[in-house]
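# need a 3D model of the sequence below.
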Amino acid sequence: MSTIDSTNSTNEIFAWKQKVLDELSKQHITEEFYNEIEDLSISLDEGLTHSYQSTSVLTQGISNDWKICAENEVLDEIESNKKLLEVLMNGSDTLIITPLKNDLNWDELFKDIEFNYITTFIQITNQKLLDSLEKWYSNQPNFFISLEFSSNENTDEILGMITTTKIPIKLKINGFALQQCGANSQQELAYVVNQLHEVILLLENRKNICFQFNIGVGSNFMIEIAKFRALKGQVQTILQQYDIPRNSFEVIGEIGWTNKSLKDPTTNQLRQTTEALSAIIGGVDYLQVHPYDTRSVKGDSTFTQRMALNISSILKEESYLKLVKDAYRGSFYIEHLTDKIGDGAWEIFKKLESCHEKNSPKKIELIVSMVNKTVKIRTENFEKKAIKLIGLNVFKNSNPENNEWIIEPTFIGMETFRYEKLESK
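Below is the predicted model:
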């Protein structure tokens with residue numbers, strides 16, 4: 001059997017790399033890229049020769065299939081039931097229920113809904129609401145409660161609910177909320193990994209828990225792919241340290257409203273589609289494309305909800321993305337970018353860990369300070385048009401829609417960030 005000449009192989013790689021750099025030089029393209037918002041410096045010279053693990057954390061499954069989420073905030077059970085049946089008919093296979101009161105009529109809410117064919121998450125915020133649900137619950141399949149650990153949450157009450165409930169639990173770690181305040185990819189990733197570590201310490205050797213990471217999807221296609229890949233690697237590292245099964249978590253990619261427009265709504269479909277594509281290639285387990293007008297004064301409509309669901313359906317059933325697992329595995333650039341984001345996030349994670357006390361004022365202050373710096377950079381780049389967003393700061397709609405953003409609750413003291421709000425100031 002002939003042996004491979006490693007010297008010749010090295011020479012071929014060098015020649016290939018040099019050819020790429022020469023072609024870029026002729027086109028006056030720099031070998032160094034710096035993304036100010038993401039605080040990422042990428043060298044083509046490093047990227048083209050980057051070594052990576054031969055086994056990706058994303059290639060353990062067979063397919064790349066994901067579930068299509070639709071969320072409903074429940075105040076009127078009959079009205080919500082109509083909406084739930086509607087989204088199920090329009091392609092959703094996962095319901096996320098957010099009750100806005102404690103005394104729900106669960107029979108009315110779930111009338112004619114077949115739990116055998118869908119996944120259902122009920123977001124529980126207090127013991128009274130859980131007690132109400134448990135009286136109704138009778139081992140419905142694929143039915144879970146979602147308990148959120150966040151920096152202002154009553155952890156003692158949540159630990160009590162974990163101990164006593166008979167309903168399967170998903171512990172929600174909410175990076176999406178931080179991303180919607182303007183955090184970059186490294187900050188969001190560091191925050192959720194830190195929250196995971198704090199939750200594990202609070203659980204004290206409970207190892208039969210499933211974690212659910214809600215992660216925001218930004219507009220930078222390559223960076224978002226790399227962020228989801230880095231997230232899975234870092235979460236598995238943490239779980240392994242505490243002898244928790246490496247598959248004890250799932251990722252929900254959420255497409256929010258940071259770069260969406262109420263004044264020029266026709267631009268939103270393209271942005272939502274490219275963001276969905278990056279989340280899917282990054283390997284999410286669930287995808288939630290929020291209608292662009294959910295957080296508006298008028299609220300979302302049947303049409304905008306249907307359009308949001310259609311994105312996932314088309315990418316799954318017509319583009320066949322569900323068949324390709326970790327499509328960018330082996331790309332020098334993506335592998336390098338995954339490691340860069342992971343390394344940067346890990347450094348921030350270590351700073352958060354140095355605060356020791358769980359969710360201490362010092363830790364919250366550090367998170368808020370980092371995100372506020374990123375928001376300032378986003379704002380400056382938007383105002384000087386270093387960031388160009390059609391319908392927002394360039395090529396504005398000459399006949400803008402009459403709609404406005406609502407005032408939203410703060411997250412750890414921070415307001416949500418919307419580029420379109422900058423234009424109205």
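
# where do the helices sit along the stretch 301-425 of the chain?
Taking DSSP state H, counting those that start in this stretch as the criterion, the stretch 301-425 of the chain contains helices spanning 302-317, 332-353, 361-383, 419-423.

# got TSV for these, with mean pLDDT too?
Supplementary listing: the helices of the stretch 301-425 of the chain in TSV, determined by pLDDT from 0 to 100:
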stretch	mean pLDDT
helix 302-317	96
helix 332-353	93
helix 361-383	96
helix 419-423	91
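
# and of these, who's closest to residue 126?
Each of these was checked against residue 126 via Cβ to Cβ, and the shortest separation belongs to helix 361-383, namely 22.2 Å. In this view, the C-beta of every residue, glycine as well, is placed from N, C-alpha and C.

# which helices and strands does that closest one pack with?
Helix 361-383 sits against helix 185-203, helix 332-353, helix 419-423, with contacts defined as 3 or more Cβ pairs under 8 Å, 6 or more residues apart in numbering; DSSP states H and E.

# quick one, it and helix 332-353 angle?
When axes from the mean of the first three to the mean of the last three Cα atoms, to 10 degrees is applied, the directions of helix 361-383 and helix 332-353 differ by 140 degrees.

# what's in contact with helix 361-383?
The contact list for helix 361-383, computed with Cβ atoms under 8 Å, 6 or more residues apart in numbering, reads 36-37, 39, 151, 178, 181-184, 187, 191, 348, 351-352, 355, 357, 386-387, 389, 392-393, 412-414, 417, 419, 422.

# what do you get if the cut-off is 6 Å, keeping everything else the same?
The contact list for helix 361-383, computed with Cβ atoms under 6 Å, 6 or more residues apart in numbering, reads 36-37, 151, 181-184, 187, 352, 355, 387, 393, 412, 414, 417, 419, 422.

# also stretch 67-78?
Residues from elsewhere that reach stretch 67-78 (Cβ under 6 Å, 6+ apart): 80, 83-84, 87, 91-94, 96-100, 105, 108-109, 286, 288, 312.

# buried set for it?
For stretch 67-78, the neighbour count (16 or more other Cβ atoms under 10 Å) marks 67, 68, 69, 70, 71, 72, 74, 77 as buried.

# would the second one count as being in a strand?
In this case it means residue 68. Yes - counting by DSSP: H, G, I helix; E, B strand; the rest coil, residue 68 is found in a strand.

# so what's it closest to, chain neighbours aside?
Setting aside the residues directly before and after it, residue 68 is nearest to residue 312 in space (Cβ to Cβ, 6 or more residues apart in numbering), at 4.3 Å.

# residue 393: how many residues sit nearby?
Burial measure for residue 393: 18 neighbouring residues, criterion other Cβ atoms under 10 Å.

# look up how far residue 385 lies from it.
Distance of residue 393 to residue 385, given as Cβ to Cβ, to the nearest Å: 6 Å.

# among the contacts of stretch 67-78, which ones are in strands?
With DSSP state E as the criterion, strands contain 94, 96, 97, 98, 99, 286, 288 from among the contacts of stretch 67-78.

# give me the neighbour count for the first one.
Look at residue 94: counted by other Cβ under 10 Å, it has 22 neighbours.

# I'd say it and residue 119 touch.
Yes - applying Cβ atoms under 6 Å, one finds residue 94 in contact with residue 119, separated by 4.5 Å.
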